[in-house]
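Chemist: Model the structure of this input:
(chains A and B)
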Amino acid sequence: MTIAPEEKKALVPDGYVRLTIDGREVDAPKGELLIRTCERLGIIVPRFCDHPLLDPAGACRQCLVEVEMGGRPMPKPQASCTMTVADGMVVKTQHTSPVADKAQQGVMELLLINHPLDCPICDKGGECPLQNQAMAHGRTDSRFVDVKRTFPKPLPISTQVLLDRERCVLCQRCTRFSEQIAGDPFIDLLERGAHQQIGVAQDKPFQSYFSGNTIQICPVGALTSAQYRFRSRPFDLVSTMGVDEHTASGAALRIDTRRGVVLRRLSGNDPEVNEEWIDDKSRFAFRYLTSKGRITRPMVRGADGQLAETSWTEALRVAAEGLLAARAGGIGVLTGGRLTVEDAYAYAKFARVAAGTNDVDFRARPHSDEELDFLASHVVGTGPEHLSYSRLEAAPAVLCVALEPEEEAPVVFLRLRKAALKTAQKVFHLGQWSTPAVLRTAVELGSAEPAARDNLIPAVPGAEAAVLADLPAHVVEALTGGGVILVGERAAEVPGLYSAVAALGARTGAAVGWVPRRAGDRGALDAGAVPNLLPGGRLVTDAAARAEVESAWGLAEGTLPTARGRDTDEILAAAAMGDIAALVVGGLDPNDLADPAAALAGLREIGFLVSLELHTSAVTELADVVLPVAPDAHRSGSYLNWEGRRREFGAALEAGGVLPDCRVLDTLAVEMDVDLFTQTPAAAAGELARLGSGNAAAPAAPALAPSEPLRPGFGQAVLASWRQLIDDASLAIDEPALAGTARPAVVRINAATAERLGLAEGADATVRTERGSITLPVALADLPDGVVWLPGKSGESQVRTVLGAGHGDLVGVTA
Amino acid sequence: MTAPVTPDPLTPVLTRRWQSPRSWAIETYEQLEGYQALRHALTTHPDRIIQLVKDSGLRGRGGAGFPTGMKWGFIPQGATGPGAKPKYLVINADEGEPGTCKDIPTMMADPHSLVEGCIITSFAIRANFCAIYVRGEALHCIRRMRKAVEEAYAKGYLGKDILGSGFDLDIVVHAGAGAYICGEETALLDSLEGRRGQPRLKPPFPATSGLYASPTVVNNVETIASVPAIVMGGSAWFRAMGSEKSPGPKIYSISGHVEKPGQYEAPLGITLRQLLELAGGMKDGVPLKFWTPGGSSTPLFTAEHLDVPLDFEGAAAAGSMLGTTAVQIFNETVSVPWAVMKWTEFYKHESCGKCTPCREGTYWLVQILERMVAGEGTEADVETMLDICDNILGRSFCALGDGATSPITSAIKYFRQEFLDLIAAQPAVQRPEQLAELTGATA
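Modeler: Numbers count the residues shown, from 1 in each chain, chains lettered A, B, ... in the order given. Model prediction:
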């Protein structure tokens, strides 16, 4: 008798099963799809319809494998993308099973009989799953000698997305994406059998902000973009990972360039942030890099009153002299939403060190003092450990306040929709009408039941804070215990709303997240480009905090200004009054401010104006010195997204003669005999990191009483307004195909109010103030009585510029 | 396996009222014992009806032959958990298989037997809603079913508190839009829900997640129309007909080259030889060449198979399937490749397009067969067709693809020489050498 050491078999962990794939034993979590388990073992089963973020379909039948259960082989090969693992299962893939291999080759041959051999002119050629898998798993020749199926091509799905139906393998990834992820089924299957094809409804308008994702997940060259079609071969492209500069999502991008030109942008894969999805603006809006309005040379306004190109030396000298002369009279620093963390830090430091002021503000939009207090008490210094996409997805309930997620934070919207669909998360919206985002984050209780569309908490503009203070009990209950409140920057337009959000957060224990619209806002806050905070969330009024910064910056004690500075509106008002002598402005559009006319007056009246800009703008038109700065593609840097997560990116293209803001400011400061030490983004980031955050306790939350909404008189209505994702944004220029997918600008009003005001659906209505009027067709929606809605900056509807009014103001409405 | 042949093989159970004047009217039905089974069923416990049907050995008449009582038993019951969901009964009346013509005549001649069966079944599985999904082309039949349902409501057999039992049931007669795929039960459910009619991924099965994601029984018309007779006659009476594993009577739909085509109800296990006698023999005495035992999706039989017992086991043992007992008879004047081409054109037309093998495979097979019938086939085409069929069978998403291969593989099995003769005899192609080049070409 021989004694052999007893072979010890590891126990199968709880919630796992043990199976054998191609002779290798593997433990897999229960419910895992076979194809995923194979992937983990490094066994790649070919597939087309399978996508890890979409529900299984089993449509293409490419991933067939042989399966044995309980010692008995299943009679047919099984689709590994739909079959879940089971204990004791024995799986043989194409590597060990002739049956699976034959099945896969057979399906591949069938897929190819109707596929054109146009790879040499197809956008996908070279990065095509069909091409690659046909090479790996297909026959070398075809037995098909008959007639291939053809279609007229291409079929425009929208101005941006084109479809070549003969290339389509009908995997349904695109239709499943639009149904399951975006929830805006703009394309669907039509016809049947060999005539089955992807198509669009003829009577419904195309409306999707996420259509570009379908191009990216198409496993063949069937879906292409008007922007990239026939422009390049994938193997000529150089890819760089980037970060979305259009929204505060922090979405990962892949930027593909060729010979110094960005040719396309794709979604990067970051499961913690944007998964694999981005919105169309982030994907397609990059032609601003090459637009005619780009400024690449410094300009100085001459004696003739005209701007003229000049050398950097000359421009910096003129700027420095002007600013030095103005220093005694006061210098204000205004920035906008395009700034990276490093740039914002440079502006913040420039204001304190070179200009000697706290008059610095990043908020290039309606803002309030209450907001500053809220940001200081609830937002600055927080990171993903406080509130992240994952935490948001896992929350049982979410309340959006002054935030229209699909328009203002599309990637956040996708998470909310995912959670609403998968885990029945309750997503409440404090808003004015049942927008597409409201409808698509409603919990669907099965097809037989009507959708539970009670997730809109309606409020008359101006009454949001009062409504928040008196929420329905079931909403408060849902938020209590793990709920999340997302508040948008528009809360600044309603006095008392930030205070009410803070109070609700305290009352329910819900995590409060601030979701600004622009990419740079969150970083600018933490970098100290605000009147009340130094970098790292240090209060300017806190002597100890000031001393920390002074020591870090090598300044003499007591150098930093001690009083809270003025905000954007106050700085511009002071400029108009002559209370400030000079302004340094970077990335601000006066038309985005609460009162564009007042802002322009300030910019006109200011004694000396330095503008750091990408493009000619209303500010550069008035500037004494214009200094060009580098867009993201030409520089490195980082953004803080709404979570407070640092999102670094590298330069996709060579600098090309333009410098980032932080470098320009550093050089300008040197001309002014001050050192900022922000020569490079890395240097600025390093210094900001060393500075860290202050130790002082967070200041108290604002506690403003809720405001009363205005009461419309005869022929009047209260205006509700927010920006649409695809509108007249400055970074979305020169992309007509993208602009074609914008939602049309309409006046929204409810039926009763429309009747009272004599308006008819589809007919024009005019919204007017003393300043001007906007005329657009009427669309009925479920707004509260006496409320009218306009998109903020879409075509005819330039609300702030034309009306001089905003959310919560009274406007006249006539037919 | 084979039941002893009685002197008169006809057993009119389902068809016994068909000859009565105005057999479709509720008055006629009631005079002929109609709705008696329902009165009886409503006095018993639903579980006893399920047990009765299990005991009777009734198997689904839609083609697959799944035990009906067992299917009903899968429906979760109970006040909590999955059993608390609403339950549904859905009748598959989307009869569309080439040759199959039993359900539409049943609904035309005796719609109330189906209505009564629906009520009893719904009572048994505790469903309060039943949908009858009728093939859209059968407009006359839809009207007749709707009228029958209307009559049943008027008489208190449907609606609230049926016959004072406290049981509620609503029946909706739903018109399909003419898609063969909607005879596949999950595609039918999607279509009924207003979606595109394409088969669903299984699991979950309809028994747990069917119509509107609720427990659902989907049964064929003939299956449910058999239920009142079983309730009246008992399981032993039912088992007295047919074979042990395939008990009961069955409507055989005989079409094609016979003297008297029509519906012949006989115990399961009858042979074609007997059926031909009933149908008056081959038309004009022209000999039999081939036939389908149960519609075009069941592999062909030839004159060798005259004595195969036509029940689920007998047909399977002989290499085919019982299917829907749509017996299509073809005499010696019919070209096999031509018939196979016509069938394949049907499958190509009706493939839903969801999965690759069925959508592309039928597209290809039709082209080969049409070319062949046009006299441009090659010998390689025969092998290619067999290989394509091998790549479809068991690889497609649902059974439609499998069914599409049956006529081709069985025809080549029994009549390969006819295909080869056709190829050899008809070189209609202008330049045969060009065809040879093409065959070797890469497309």
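Chemist: All the strands of the stretch 301-443 of chain B, in order from the start?
Modeler: According to DSSP state E, counting those that start in this stretch, the stretch 301-443 of chain B carries its strands in the segments B:301-302, B:326-331.
Chemist: Output the residue of the stretch 51-200 of chain B whose distance to chain A is smallest.
Modeler: Here the stretch 51-200 of chain B gets closest to chain A at one residue, B:Glu193, 5.7 Å apart by Cβ to the nearest Cβ. (Glycine included, C-beta is placed from N, CA and C.)
Chemist: could the strands of the stretch 301-443 of chain B be laid out in TSV, adding distance to chain A?
Modeler: As requested, the strands of the stretch 301-443 of chain B are exported to TSV (distance: least, Cβ to the nearest Cβ, whole Å):
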stretch	distance to chain A
strand B:301-302	23
strand B:326-331	22
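Chemist: most packed of those strands?
Modeler: Across the strands of the stretch 301-443 of chain B, the average number of neighbours (mean count of other Cβ atoms under 10 Å in any protein chain shown) peaks for strand B:326-331, which reaches a mean of 23.
Chemist: re the thing from before, and the strands of the stretch 301-443 of chain B as CSV, adding mean pLDDT?
Modeler: Formatted as CSV, the strands of the stretch 301-443 of chain B follow (pLDDT from 0 to 100):
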stretch, mean pLDDT
strand B:301-302, 98
strand B:326-331, 97
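Chemist: who in the stretch 151-300 of chain B is up against chain A?
Modeler: The stretch 151-300 of chain B comes close to chain A at residues B:Ala179, B:Ile181, B:Glu193, B:Arg196, B:Leu201, B:Leu211, B:Tyr212, B:Ala213, B:Ser214, as judged by Cβ under 8 Å from any Cβ of the partner chain.
Chemist: Just flag the most distant two among those.
Modeler: Checking those against each other with Cβ to Cβ, the farthest-apart pair comes out as B:Ala179 and B:Ser214, at 23.3 Å.
Chemist: Tell me the residue of the stretch 701-815 of chain A that sits nearest chain B?
Modeler: Shortest the stretch 701-815 of chain A-to-chain B distance, computed as Cβ to the nearest Cβ: residue-wise this is A:Asp782, at 24.5 Å.
Chemist: Per-residue confidence, that residue, what does it come out as?
Modeler: The predicted local distance difference test score for A:Asp782 is 95.
Chemist: looking at it, it is touching A:Ser434, isn't it?
Modeler: Yes: with contact taken as Cβ atoms under 8 Å, A:Asp782 and A:Ser434 are classed as touching, separated by 5.3 Å.
Chemist: Next, the distance between the ends of stretch B:65-84.
Modeler: The distance separating the two terminal residues of stretch B:65-84, taken as Cα to Cα, to the nearest Å, comes to 29 Å.
Chemist: taking the mean pLDDT, what do you get for it?
Modeler: Average pLDDT, stretch B:65-84: 94.
Chemist: what's the answer for stretch B:278-288, then?
Modeler: Per-residue pLDDT values over stretch B:278-288 give a mean of 96.
Chemist: What residues sit buried inside it?
Modeler: The neighbour-count criterion (16 or more other Cβ atoms under 10 Å in any protein chain shown) identifies B:Leu278, B:Ala279, B:Met282, B:Leu288 as the buried residues of stretch B:278-288.
Chemist: Could I get the contacting residues of the closest residue to B:Gly62 other than its chain neighbours?
Modeler: With sequence-adjacent residues excluded and distances taken as Cβ to Cβ, 6 or more residues apart in numbering or on different chains, B:Gly62 is closest to B:Asn220, at 3.4 Å. With contacts defined as Cβ atoms under 8 Å, 6 or more residues apart in numbering or on different chains, the neighbours of B:Asn220 are B:Gly60, B:Arg61, B:Gly62, B:Gly63, B:Ile91, B:Asn92, B:Ala93, B:Asp103.
Chemist: can you rerun that using 7 Å?
Modeler: Remark: with contacts taken as Cβ atoms under 7 Å, 6 or more residues apart in numbering or on different chains, B:Asn220 is in contact with B:Gly60, B:Arg61, B:Gly62, B:Asn92, B:Asp103.
Chemist: Please look at the second one and B:Val227 and confirm they touch.
Modeler: No: with contact defined as Cβ atoms under 7 Å, B:Arg61 and B:Val227 do not form a contacting pair (11.2 Å).
Chemist: Could you export the buried residues of stretch B:278-288 to CSV, including columns for secondary structure and distance to A:Leu324?
Modeler: Output for those, formatted as CSV (DSSP: H, G, I helix; E, B strand; the rest coil; distance: Cβ to Cβ, whole Å):
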residue, secondary structure, distance to A:Leu324
B:Leu278, helix, 114
B:Ala279, coil, 111
B:Met282, strand, 113
B:Leu288, strand, 110
